[in-house]
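Student: I would like the atomic coordinates for the input below:
(chains A and B)
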Amino acid sequence: MNAVVVHNLSKNYGKKNEIKAVKEISFEVSTGELFGVIGPDGAGKSTLFRMLTTLLLPDNGSASVDGSDIVKDFKAIRNKVGYMPGRFSLYQDLSVEENLNFFATIFNTTVKKNYDLIKDIYVQIEPFKKRKAGKLSGGMKQKLALSCALIHRPVVLFLDEPTTGVDAVSRKEFWEMLMKLKSQGITILVSTPYMDEAGLCDRIGLMQNGKLLSVGTPKEITASFSQTLLEVKSENMYALLQQLIAYDSIMEAYSFGEYHHAVMKENFSIEKLQQYLEEKGNKNVVIKNTVPTIEDCFMQLMKK
Amino acid sequence: MINDIIISAKGLTKKFNDFIAVDHISFDVYKGEIFGFLGANGAGKTTAIRMLCGLSLPSAGKASVAGFDVYKQTENIKKTIGYMSQKFSLYEDLTVKENIRFYGGIYGKSNQFIKEKTGWLLQRLHLENEADKLVGSLPLGWKQKLAFSVAVFHEPRIVFLDEPTGGVDPVTRREFWNLIYEAAESGITIFITTHYMDEAEYCNRVSIMVDGRIDALDSPAALKQQYAVDSMDKVFLHLARTAQRVDS
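Tutor: The predicted structure is shown next:
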């Protein structure tokens, strides 16, 4: 069964509806799946999530969450989804414990009843349970917000950019928590601007300018990259990039960590490229075939 | 160019009551270098940057920025540096041109300088048609590129960039780095923090802060070799996991 079904969903903002935030999006998320919506700021991720959690009405199209329509059955949806917005939105002047009790109470349940679900996350902030939420560090706020979003045992969990501005270690820990939740059968939709988090999802949708560029498993998406991709480095990376961009058999070249990536045209030759780069004065040239990442795919799709 | 030291810190320390936010850090940054200043949230990066920018007095230790002392010559430092962060960069309710004019004026540049350089800058960023639009109406990527250009508009000797590329799309992120490379080639020293580990690779040298200390400082290649791993991501995780400090 599908936990989320989205059909031609659109949302416009502005006096004359001139800002098209979400443009005719369609996709489905299966029950128990961890689905990532991946895209930069301004892609429309939050607008999409706010429509699916019934906080915004769509202008066109339809969608259902756990079988309930996002317009007609909004009350039912509010009872069965959990939502963690991008901006910290708990009560800053209530303590950790008070916030959690508050959210449990408004959903007509108790912390005790669903404690097993949040235990792994909550124990990490429990030593600070008397502290006001506003006085917590970023990492602890995030854990409390996730606990509050889970306390009524939602069927579908929406997490809007939970790892933005968070360092690499905390990001890794957060994804480990998501994996545990997934193993308990909760369907999770998570949005992120970090392309390297795509590989942790079952399926992903790449989003840019209100549109889904592609939907599939990370492997399906990287397999759809049709050109040969090379990684190239030498001692002067800045000059090397300009030379790669200027080279005939290269469609595109861009920095990619330690190497530059070069998207090749057909009929290229590594030997000739090597020769060209050495003639240009590059020392210690390394050229290798490489496998495209989600980020490579995203850049290709953006330019289409 | 190398070995011309532009930032020098020796035992630089900042305490807030009993809490040692920055714990005796020592390092040099060379002129024209792209210096990556990494660390987990709460490791002390922001506190260290605030001292180097002349915004916060150290509790102990020494440091100079462009030859100016961080205790006594903070006003000189502020005039000599540029600064940009993801959170604060430009005034959204001023136009592109007004923002440039405003920052040029703040740094005491002449009207003629501002006028000439504004035209050049708009052309370089392909923003000629957006000159009279409010900055708030621009896409994030354009805003960040403009913010960087404004931060180096007064031709500072050093520019401090605090997570400048957060949330920016991958194409624009690389265009942003091209601006950084160009600025570095022109002799401006770049001091940058980022959570993107691929960007750590673009730096000449990288320092990694853990619990207020600098636990590693070298070129990305040397750091990877030292920790016997194949990416900066792994170097970072290796070091940051040793942290004792609860991010609080």
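Student: can I get the CA coordinates of stretch B:93-113 in PDB?
Tutor: What follows is stretch B:93-113, C-alpha atoms only, in PDB (Å, rounded to 0.1, in the frame of the first residue of the first chain):
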ATOM      1  CA  ASP B  93      14.800  45.400   1.700                       C
ATOM      2  CA  LEU B  94      17.500  47.400   0.000                       C
ATOM      3  CA  THR B  95      18.200  46.900  -3.800                       C
ATOM      4  CA  VAL B  96      21.300  45.200  -5.100                       C
ATOM      5  CA  LYS B  97      22.800  48.600  -5.900                       C
ATOM      6  CA  GLU B  98      21.900  50.100  -2.600                       C
ATOM      7  CA  ASN B  99      23.500  47.300  -0.700                       C
ATOM      8  CA  ILE B 100      26.700  47.700  -2.600                       C
ATOM      9  CA  ARG B 101      26.600  51.500  -2.100                       C
ATOM     10  CA  PHE B 102      25.900  51.000   1.600                       C
ATOM     11  CA  TYR B 103      28.800  48.700   2.300                       C
ATOM     12  CA  GLY B 104      31.200  50.700   0.100                       C
ATOM     13  CA  GLY B 105      30.200  53.800   2.200                       C
ATOM     14  CA  ILE B 106      30.600  52.000   5.500                       C
ATOM     15  CA  TYR B 107      34.200  51.100   4.600                       C
ATOM     16  CA  GLY B 108      34.900  54.700   3.700                       C
ATOM     17  CA  LYS B 109      35.300  54.200  -0.100                       C
ATOM     18  CA  SER B 110      34.900  57.300  -2.300                       C
ATOM     19  CA  ASN B 111      31.800  57.900  -4.400                       C
ATOM     20  CA  GLN B 112      33.900  57.500  -7.500                       C
ATOM     21  CA  PHE B 113      35.400  54.200  -6.400                       C
END
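Student: where do the strands sit along chain B?
Tutor: All strands of chain B, identified by DSSP state E, fall at B:5-16, B:19-30, B:34-39, B:60-65, B:68-69, B:81-85, B:158-162, B:189-193, B:205-210, B:213-218.
Student: Report the strands that pair with the fifth one, each with its relative direction.
Tutor: Its sheet considered, strand B:68-69 pairs with strand B:60-65 (antiparallel) by DSSP bridges.
Student: roughly how far out does the strand it pairs with sit from the chain middle?
Tutor: Centroid separation for strand B:60-65 versus its chain: 18 Å, with CA atoms, centre = their mean, to the nearest Å.
Student: Please apply the same query to stretch A:237-245.
Tutor: 31 Å.
Student: Then stretch A:217-231?
Tutor: Distance of stretch A:217-231 from its chain centroid, counting by CA atoms, centre = their mean, is 19 Å.
Student: Mind listing residues that contact it?
Tutor: A:198-199, A:201-204, A:206, A:214, A:216, A:251, A:256, A:259-265, A:268, A:270, A:273, A:286-294, A:296-297, A:300 (CB atoms under 8 Å, 6 or more residues apart in numbering or on different chains). To be clear about C-beta, it is placed using only N, CA and C from the backbone, and glycine gets the same treatment.
Student: 6 Å - rerun?
Tutor: Residues outside stretch A:217-231 that contact it (CB atoms under 6 Å, 6 or more residues apart in numbering or on different chains) are A:198-199, A:203, A:214, A:259, A:261-264, A:287-288, A:290, A:292, A:297.
Student: quick revisit: could you dump the strands of chain B into a markdown table and include mean pLDDT?
Tutor: Output for the strands of chain B, formatted as a markdown table (pLDDT from 0 to 100):
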| stretch | mean pLDDT |
| --- | --- |
| strand B:5-16 | 97 |
| strand B:19-30 | 97 |
| strand B:34-39 | 96 |
| strand B:60-65 | 98 |
| strand B:68-69 | 98 |
| strand B:81-85 | 93 |
| strand B:158-162 | 96 |
| strand B:189-193 | 97 |
| strand B:205-210 | 96 |
| strand B:213-218 | 97 |
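Student: just the residues of chain B that are near chain A, which are they?
Tutor: B:40-41, B:139-140, B:166-171, B:174, B:181, B:195, B:198, B:201, B:236, B:240, B:247-248 (CB under 6 Å from any CB of the partner chain).
Student: Next step: those residues restricted to helices.
Tutor: Those of the residues of chain B next to chain A mapping onto helices are B:140, B:170-171, B:174, B:181, B:198, B:236, B:240, per DSSP state H.
Student: who in chain A is up against chain B?
Tutor: Checking chain A against chain B by CB under 6 Å from any CB, the hits are A:40-42, A:137-139, A:165, A:167-169, A:193, A:238, A:254-255, A:257-258, A:295, A:298-299, A:302.
Student: Quick one: buried ones out of those residues?
Tutor: A:40-42, A:137-139, A:165, A:167-169, A:193, A:254-255, A:257-258, A:295, A:298-299, A:302 (16 or more other CB atoms under 10 Å in any protein chain shown).
Student: so of the residues you listed, which ones are in helices?
Tutor: A:138-139, A:168-169, A:295, A:298-299, A:302.
Student: what sits against the closest residue to A:Lys23 other than its chain neighbours?
Tutor: Spatial nearest neighbour of A:Lys23, chain neighbours left out: A:Gly210 (4.1 Å); criterion: CB to CB, 6 or more residues apart in numbering or on different chains. By CB under 6 Å, 6+ apart, A:Gly210 lies in contact with A:20-23, A:44.
Student: Could you rerun that using 10 Å?
Tutor: By CB atoms under 10 Å, 6 or more residues apart in numbering or on different chains, A:Gly210 lies in contact with A:10-12, A:19-25, A:39, A:42-45, A:47-48.
Student: what's the answer for A:Trp175, then?
Tutor: A:34, A:162-163, A:190, A:192, A:197, A:200-201.
Student: how near is it to chain B?
Tutor: Counting by CB to the nearest CB, to the nearest Å, the gap from A:Trp175 to chain B is 13 Å.
Student: quick one: average pLDDT of the strand or helix carrying that residue?
Tutor: For A:Trp175, the host element (DSSP states H and E) is helix A:168-183. Mean pLDDT, helix A:168-183: 90.
Student: now do stretch A:50-62
Tutor: In the prediction, stretch A:50-62 has an average pLDDT of 97.
Student: Which positions in that stretch come out as buried?
Tutor: Neighbour counts over stretch A:50-62 (16+ other CB under 10 Å) mark A:50-54, A:56, A:58, A:61 as buried.
Student: Nearest to B:Arg157 among the ones in helices among the residues of chain B next to chain A?
Tutor: Nearest to B:Arg157 among these is B:Tyr181, at 17.2 Å by CB to CB.
Student: Report the contact partners of the closest one.
Tutor: A:237-238, A:241, A:255, B:34, B:190, B:202.
Student: a markdown table for the ones in helices among the buried ones among the residues of chain A next to chain B, including distance to B:Leu122?
Tutor: Output for those, formatted as a markdown table (distance: CB to CB, whole Å):
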| residue | distance to B:Leu122 |
| --- | --- |
| A:Gly138 | 37 |
| A:Gly139 | 41 |
| A:Ala168 | 36 |
| A:Val169 | 41 |
| A:Glu295 | 30 |
| A:Phe298 | 29 |
| A:Met299 | 26 |
| A:Met302 | 24 |
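Student: farthest pair in the residues you listed?
Tutor: A:Gly139 and A:Met302 (31.6 Å).
Student: Domain ranges for chain A, per the record?
Tutor: For chain A, automatic domain parsing gives the domain ranges A:2-223, A:229-302.
Student: Of those domains, which stretch is the most buried?
Tutor: Among these, ranked by average contacts under mean count of other CB atoms under 10 Å in any protein chain shown, first place goes to domain A:2-223 (a mean of 19).
Student: Next, the distance between the ends of it.
Tutor: With CA to CA, to the nearest Å as the measure, domain A:2-223 spans 25 Å from end to end.
Student: check contacts around the residue nearest to B:Gly141 when sequence neighbours are not counted.
Tutor: Nearest non-adjacent residue to B:Gly141, counting by CB to CB, 6+ apart: B:Thr172, 3.2 Å away. B:Thr172 makes contact with A:40, A:302, B:139-145, B:165 under the criterion CB under 10 Å, 6+ apart.
Student: Can you tell me which of those lies closest to B:Lys10?
Tutor: Scanning these for proximity to B:Lys10, where the rule is CB to CB, the winner is B:Thr165, at 30.6 Å.
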